[in-house]
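>>> One predicted model, sequence on top.
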Amino acid sequence: MPLEVIGTGFGRTGTLSLKLALEQLGFGRCYHMIEVSQNPAHAALWSAAHAGESIDWDALYAGYRATVDWPSAEFWWQLADHYPSAKVIHTERPSQAWFKSASSTIFRTMTRGAPPGTPPAFAEQLEMARKLILQGRFGGRLDDEAHAVAIYEAHNARVKREIPAARLLVHEPGQGWAPLCKFLGVPIPETPYPRVNTTEDFLARFSATDRN
C-alpha cells in the first residue's frame, strides 16, 4: 500500500501528536521515529539511506499509510517523488521555541549517546539518529543555536518552495483538527486533538529507557 501522507517537519514540531491524529482519522499506522525500535531491521536501512544507498521504500513502509518525523523527514523529497499522490503535511513552530524544545530533548539524547545497559534496539536507533541528525543534518553543532535555527528555517523554506501549494498543508501546534481535516477531506472528530510528547513526557520516557 502506498503512503498517503508524508510529514516533512523536523522532530519537536508536534510530530507525535500528528501521528496519533492521523491514526485516529483512519490513516492506518503512521511511521515515526518511535517505530524504528519496533522494527529492528529499520535502523540499518535508514543508515544505508543516509550513506546514499538505494532503498526499497515500499518494503520499508509496508503496513504504513503515513509517515511523520525523523528519519522520514530527512528524505522528504525522495518520498514526495516516489509517492506522487501522497499529501504533504509540514509541521513547524517558531524557531526559538523549536530550538528550546529540541535542545531539552532529542538534542540532549543524541549528544550524550546511549548509556551503558541501553537495550540494543534503542542503542542502534540512537546511533542511526546521531548519523542522520547530529552529524548529517546539523554537522555536529547541536549546541550552536544560530546554526541549528538556520538549518531549521532553510528546511522549512525549501519544503514550502518545492511542494506545490495544492499538495501541502503547513500545520502548527495549536491549530487543532479543522485545517488538518479540511486538507485531508475527512470529518472532524468529536474528541480533542492529541497533545502528547511534551518536554516532560519525552524526558520521562527516556529516563525509563535508561533504567531498562
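Nice, thanks for sending it over. Numbers count the residues shown, from 1 in each chain.
>>> Nearest to the spatial middle of this structure, which residue is it?
Centroid-nearest residue in the chain: Asp69, 0.6 Å away (criterion: C-alpha atoms, centre = their mean).
>>> Report how many residues lie close to the closest residue to it other than its chain neighbours.
Spatially, and ignoring its direct neighbours in sequence, Asp69 is nearest to Thr15 (3.8 Å; C-beta to C-beta, 6 or more residues apart in numbering). Just so you know, the C-beta spots here come from the backbone N, C-alpha and C atoms, and that holds for glycine as well. For Thr15, the count of nearby residues is 27 (other C-beta atoms under 10 Å).
>>> Can you get me a residue count around Pro164?
Quick note: Pro164 (other C-beta under 10 Å) scores 8 neighbours.
>>> what's the answer for the one 5 residues further on, then?
Neighbourhood size, Leu169 [other C-beta under 10 Å]: 18.
>>> can you check Leu16 too?
Leu16 has 23 nearby residues by other C-beta under 10 Å.
>>> so what secondary structure elements neighbour the biggest helix by length in the chain?
Determined from DSSP state H, the single longest helix within the chain is helix 145-162. On a contact count with 3 or more C-beta pairs under 8 Å, 6 or more residues apart in numbering; DSSP states H and E, helix 145-162 meets strand 87-91, helix 95-104, strand 168-171.
>>> Just the residues contacting that helix, thanks.
With C-beta atoms under 8 Å, 6 or more residues apart in numbering as the contact definition, helix 145-162 has outside contacts at 8, 10, 76-77, 88, 90, 92, 95-96, 98-99, 102-103, 107, 137-139, 141-142, 168, 170.
>>> Pull out the buried residues from that helix.
Neighbour-count burial for helix 145-162, counted by 16 or more other C-beta atoms under 10 Å, picks out 148, 151-152, 155-156, 159.
>>> quick one: which of these is nearest to Lys131?
For the buried residues of helix 145-162, the minimum distance to Lys131 (C-beta to C-beta) is 15.9 Å, reached by Ile151.
>>> Just put the buried residues of helix 145-162 in TSV and tack on pLDDT.
TSV is the format used below for the buried residues of helix 145-162 (pLDDT from 0 to 100):
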residue	pLDDT
Ala148	97
Ile151	98
Tyr152	98
His155	98
Asn156	98
Val159	98
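>>> Now render the helices and strands packed on helix 145-162 as CSV, adding distance to Ala121 and mean pLDDT.
Output for the helices and strands packed on helix 145-162, formatted as CSV (distance: least, C-beta to C-beta, whole Å; pLDDT from 0 to 100):
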stretch, distance to Ala121, mean pLDDT
strand 87-91, 26, 98
helix 95-104, 23, 95
strand 168-171, 30, 98
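>>> Ok, which of the ones you listed comes nearest Gly185?
Short answer: strand 87-91, nearest of those by C-beta to C-beta, at 9.3 Å.
>>> List the pairing partners of the closest one within its sheet, with orientation.
Sheet partners assigned to strand 87-91 using DSSP bridges are listed as strand 5-7 (parallel), strand 168-171 (parallel).
>>> ranking these by burial, who's on top?
Most buried of those by mean neighbour count (mean count of other C-beta atoms under 10 Å) is strand 5-7; its value is a mean of 26.
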